[in-house]
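Novice: Test case, fold it:
(one chain, ligands or ions: 3)
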Amino acid sequence: MVRPSHPSLLVPLIAAVLIATALGAGAVAPAGAVIAPAFSRPLVIPRVLTDSSITLTAKLADVQILPGRKTRMWTYNGTFPGPTIRRPTGQTTTVTLVNNLPAAAGELTLHNHGNHSTAENDGQPDDFLALPNGGSVKYAYTGTEAGANERGAFQWYHDHRMDVTGRNVWMGLAGMYIIDDPADPQTLPKGEFDVPLLVADRSFDANNQLAYTFNAAGVTGNRILVNGVPQPYFNVGDRKYRFRILNASNSRSYDFALGNGQSFIQIGTESGLLPAPVKRSHILVGPAERVEVVVDFARKLGQRIVLQNVAANGSLRQVMQFRVTRDLTDNSSVPAKLRPLPALEATSAVTRTFEFGRNRFSGAWTINDQTFDPNRVDASPKLGATETWIFTNKSGSNHIVHLHDVDQQLVSRNGVAAKAYERMKESWNLGIDETIVLKLKFTDNLGKFVFHCHILEHEDAAMMAQLEVVP
Ligand code: C2O
Ligand code: CU
Ligand code: CU
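Specialist: Residues are numbered from 1 along each chain as shown. Ligands and ions are numbered 1, 2, ... in the order given. Predicted coordinates:
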């Protein structure tokens, strides 16, 4: 079954914003776009909102991304990325989404990715929508799980409208969300030494405007932006930093490494801190995945160290540059033990298998041979149960399995016991012909939640399914 074709949603007003170029994987910069040399602009840290009640207004804004003409984007509160929401665990936060984009952008919905939200507050793709012309939806997040505080985590928020999430995120509808947790070790680098980095690729036309043409294979850009700045530099001190790295790209994966050969100390995933730090020379991060790392710049004063994507060559290999320009004392430390994982033992004999595939005739991306239908429920686990779910990939392409709401831990990847650094997550790389076995716990919330590939064009091409937690 083929979904309605996406470009037809773009009426002329939007077409003026989205000047389509023949764009696909590996597309080159349209002639005329202004190319600034790498590392010529400083990193920007998005504004941080800490109130219990937050309004995110989706609206057009002209944002300085490239030198010269500004880029008209779809923003939350006028910036790209949107403001970073930072809240203590255990406290309720309400976020009101107001839709002030041109009506042609359609309805919007806001998903707090990684959060344990109730079904009404999850940012459903086709329900509880913010209608055009000032429509709004109010979301409430309790900050709790199973009667206790939610674990500290580096989450993010983004639009999730059915069929057009890729377009909406590409145009700018994404931001970061941090849950602070007093149960996490407090000696880790904090304050200005705790830096969130939203990495996303984009392409621009000759007038510096975003170019987006739907391509079910996945849309990649030819510029790497960090917090909205193309290949920035960042002045750091000769001490430890905590970097929270989010891959907010539609379909590009990054294999991050430091250009001086130094290893990262990985301390966390999407789902919070690891039980213990893990030294890693490079880290593969697919769309929607996050890693938290500590990088120690001690004894590096005067050096310039590039954060690279070693999966790419040429200018796409350069993500950003750290310039060690400040002589500082370091009072932070990385404890040998961070945070134990919650026990998650299967309590139910139910095992479900989902094959991420591709229809041999239509070419459509499928999950168990089906495309998304918001009126169909694909699994009905019982509230409180812990089940075993198996994901396989026979599609000949890479996917990122993401499940909303539920607690999840990896048992094995291709029959090998889960590595410590990917035991607890909520977005899972699923390579060609791979099999991952997860344990899922359905706590607190009844109702419907989606799970899908987080390559956004696969998702928009309906590589999505739905679970319903039942009493
Ligand atoms: Cu970040 Cu269902 O998504
Ligand atoms: Cu999500
Ligand atoms: Cu996919």
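Novice: Can you read off the pLDDT for Pro7?
Specialist: At Pro7, the pLDDT value in this model is 38.
Novice: Three-state assignment for whichever residue of the stretch 201-350 of the chain sits closest to ligand 1, please.
Specialist: Minimum separation of the stretch 201-350 of the chain from ligand 1 (C-beta to the nearest ligand atom) falls at Ala288, amounting to 4.9 Å. Bear in mind the C-beta positions are built from the backbone N, C-alpha and C, glycine included. Classification of Ala288 using DSSP: H, G, I helix; E, B strand; the rest coil returns coil.
Novice: can I assume it is in contact with His399?
Specialist: No. Using C-beta atoms under 8 Å, Ala288 is not in contact with His399; the gap is 11.4 Å.
Novice: more neighbours, the two?
Specialist: Per other C-beta atoms under 10 Å, whichever of Ala288 and His399 has more neighbours is His399, with 27 against 24.
Novice: for that one, which residues make a bridge with it?
Specialist: Beta bridges link His399 to Leu430 when assigned by DSSP bridges.
Novice: any idea how far it lies from Thr435?
Specialist: 12 Å (C-beta to C-beta, to the nearest Å).
Novice: what lines up beside the longest strand along the chain in the sheet?
Specialist: Longest strand in the chain by number of residues (criterion: DSSP state E): strand 53-63. Strands that pair with strand 53-63, judged by DSSP bridges, come out as strand 71-76 (antiparallel), strand 93-99 (parallel).
Novice: In that strand, which residues are buried?
Specialist: By neighbour count with 16 or more other C-beta atoms under 10 Å, strand 53-63 contains the buried residues Ile54, Leu56, Thr57, Ala58, Lys59, Leu60, Ala61, Val63.
Novice: Looking at these, which is nearest ligand 2?
Specialist: Leu56 (16.4 Å; C-beta to the ion).
Novice: got the contact list for the nearest residue to the closest one once chain neighbours are set aside?
Specialist: Leaving aside its chain neighbours, Leu56 sits nearest to Tyr76 (4.4 Å; criterion: C-beta to C-beta, 6 or more residues apart in numbering). When contacts are counted by C-beta atoms under 8 Å, 6 or more residues apart in numbering, Tyr76 touches Leu56, Thr57, Ala58, Gly82, Pro83, Gly172, Leu173, Gly175.
Novice: Compute the number of surrounding residues for the nearest residue to Ile400 once chain neighbours are set aside.
Specialist: Nearest residue to Ile400, sequence neighbours excluded (C-beta to C-beta, 6+ apart): His454, at 4.0 Å. Look at His454: counted by other C-beta under 10 Å, it has 27 neighbours.
Novice: how much space between His454 and ligand 2?
Specialist: Going from His454 to ligand 2 by C-beta to the ion, to the nearest Å gives 8 Å.
Novice: What are the phi and psi values at that residue?
Specialist: Backbone torsions of His454, given as degrees, to the nearest 10, read phi -90, psi 10.
Novice: circling back: let's have the strands paired with strand 53-63 in CSV, adding mean pLDDT and distance to Leu273.
Specialist: Formatted as CSV, the strands paired with strand 53-63 follow (pLDDT from 0 to 100; distance: least, C-beta to C-beta, whole Å):
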stretch, mean pLDDT, distance to Leu273
strand 71-76, 98, 27
strand 93-99, 98, 21
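Novice: nearest to Asn222, of those strands?
Specialist: strand 71-76 (14.4 Å; C-beta to C-beta).
Novice: Send me the closest one as CSV with only the CA atoms.
Specialist: Output of strand 71-76 as CSV, limited to C-alpha atoms (Å, rounded to 0.1, in the frame of the first residue of the first chain):
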residue,chain,number,x,y,z
THR,A,71,17.6,31.2,6.2
ARG,A,72,13.8,31.2,6.7
MET,A,73,13.1,28.4,9.0
TRP,A,74,10.2,26.8,10.9
THR,A,75,11.3,27.4,14.5
TYR,A,76,10.2,26.9,18.1
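Novice: And the next helix or strand after it, how far out from the chain middle?
Specialist: Moving toward the C-terminus from strand 71-76, the first helix or strand encountered (DSSP states H and E) is strand 84-88. Centroid separation for strand 84-88 versus its chain: 16 Å, with C-alpha atoms, centre = their mean, to the nearest Å.
Novice: Same list, the strands paired with strand 53-63, but as CSV with distance to Ser362 please.
Specialist: What follows is the strands paired with strand 53-63, written out as CSV (distance: least, C-beta to C-beta, whole Å):
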stretch, distance to Ser362
strand 71-76, 30
strand 93-99, 33
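Novice: Tabulate the ones you listed (TSV), appending distance to ligand 2.
Specialist: Formatted as TSV, the strands paired with strand 53-63 follow (distance: least, C-beta to the ion, whole Å):
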stretch	distance to ligand 2
strand 71-76	17
strand 93-99	15
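Novice: hey, which of those is tucked in deepest?
Specialist: Mean neighbours per residue, mean count of other C-beta atoms under 10 Å, is largest over those for strand 71-76, with a mean of 24.
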